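Visitor: model the structure of this input:
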Amino acid sequence: MRRRARISAGLGAVLTHGALMALVALFLLPFLWMALTSVTPAAEFFNPHRLLPSRFAGAEHYLRALNTVPLLRFMLNGVVVCGAILALQLLFCLPCAYALAKLPFRGRDALFTCVLLALVVPTQVPAIPLYLAFAGLGLLDSYAALILPFAASAFGIFLFRQFFRAIPDETLHAARLDGCGEFGLVWRIMLPQAWPAVGAFSIISVVAHWNDLYWPMIVIITPERAPPPLGVMYFRTAELAAAEYGALLAGAAMITAPLLVAFLFASRLFLRGVAMSSPAAPRL
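Guide: Numbering: from 1, shown residues only. Below you'll find the model as predicted:
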């Protein structure tokens, strides 16, 4: 019986891992096709009988992508915008999450319910009021228009609140006896223990805003302020012909590569942060 149970468990593990590997391959297929096409000669793009290119054409495609549009400028804009958004989100979300998790006050549950409701509001809903507000302030076509609407994150408040709930109250009481104030508790006690959650949220935030196209299309006019997704669209209006997919996909590959590399290096921190922020996570 034990041998049969062991064989059954092993077979189940093989099937599970096989299904997961098939899903991984399915999700990675578009990225693989993008990378291969970016180094494939134009004459072989739609050749169904050739999987690998006959010659390496990556140099010409990547150089053409860099020379056609200011791709490095778009990526620099993305770094500035995503970095500023993440810094502001951490500045706002950590104290708010601490208050909702550890400070008893009237209306705390109702306020947390509002945070949960904010999670289901699409970004398109407040787009028109935000646009009118930034137009009235004269902030359209600026970094401020890209950054300020996302300075606070309902998801960040929810994630950090779940993580902070797992930290024992005795730790905070001991710090208060030593004279530590509430803001000191957030930045000196809670934050050092919340690095896994910070890492997980940082990856989610950077990926979301690096890939955001909807809001930049509304508020950005000049290419000098365009983030990476909007910058790729300038390939259509530049000197590139519509059929030159090699340079277009070379630009897309250069924009996507930093996110893939960052996620590979931070994948363990991301999984640890998500696991420790779940309601069923063990108390620290």
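Visitor: what are the ranges of the helices in the stretch 101-250 of the chain?
Guide: Assigned by DSSP state H, counting those that start in this stretch, the helices in the stretch 101-250 of the chain fall at 108-119, 127-137, 143-147, 154-165, 169-177, 182-184, 191-193, 195-210, 214-219, 228-233, 245-276.
Visitor: TSV for those helices, including distance to Ser8?
Guide: For glycine as for every other residue, the C-beta is placed from the backbone atoms N, C-alpha and C. Shown next, in TSV, are the helices of the stretch 101-250 of the chain (distance: least, Cβ to Cβ, whole Å):
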stretch	distance to Ser8
helix 108-119	41
helix 127-137	53
helix 143-147	54
helix 154-165	36
helix 169-177	45
helix 182-184	54
helix 191-193	41
helix 195-210	35
helix 214-219	49
helix 228-233	48
helix 245-276	28
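Visitor: what residues sit buried inside stretch 28-44?
Guide: Using 16 or more other Cβ atoms under 10 Å as the test for burial, stretch 28-44 gives 34-40, 42, 44.
Visitor: show me those that map onto helices.
Guide: Using DSSP state H, the members of those that fall within helices are 34-37.
Visitor: same list, those residues, but as TSV with pLDDT and distance to Gly138 please.
Guide: Formatted as TSV, these follow (pLDDT from 0 to 100; distance: Cβ to Cβ, whole Å):
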residue	pLDDT	distance to Gly138
Met34	85	39
Ala35	84	42
Leu36	84	46
Thr37	82	42
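Visitor: which one among those residues gets closest to Gln89?
Guide: Using Cβ to Cβ, Met34 is the member of these that lies nearest Gln89, at 29.5 Å.
Visitor: I figured that closest one hits Ile255, correct?
Guide: No - look at Met34 against Ile255 with Cβ atoms under 8 Å: they stay out of range, at 10.5 Å.
Visitor: any stretches of the stretch 151-284 of the chain with poor pLDDT?
Guide: Along the stretch 151-284 of the chain, segments meeting pLDDT under 70 span 236-244, 267-284.
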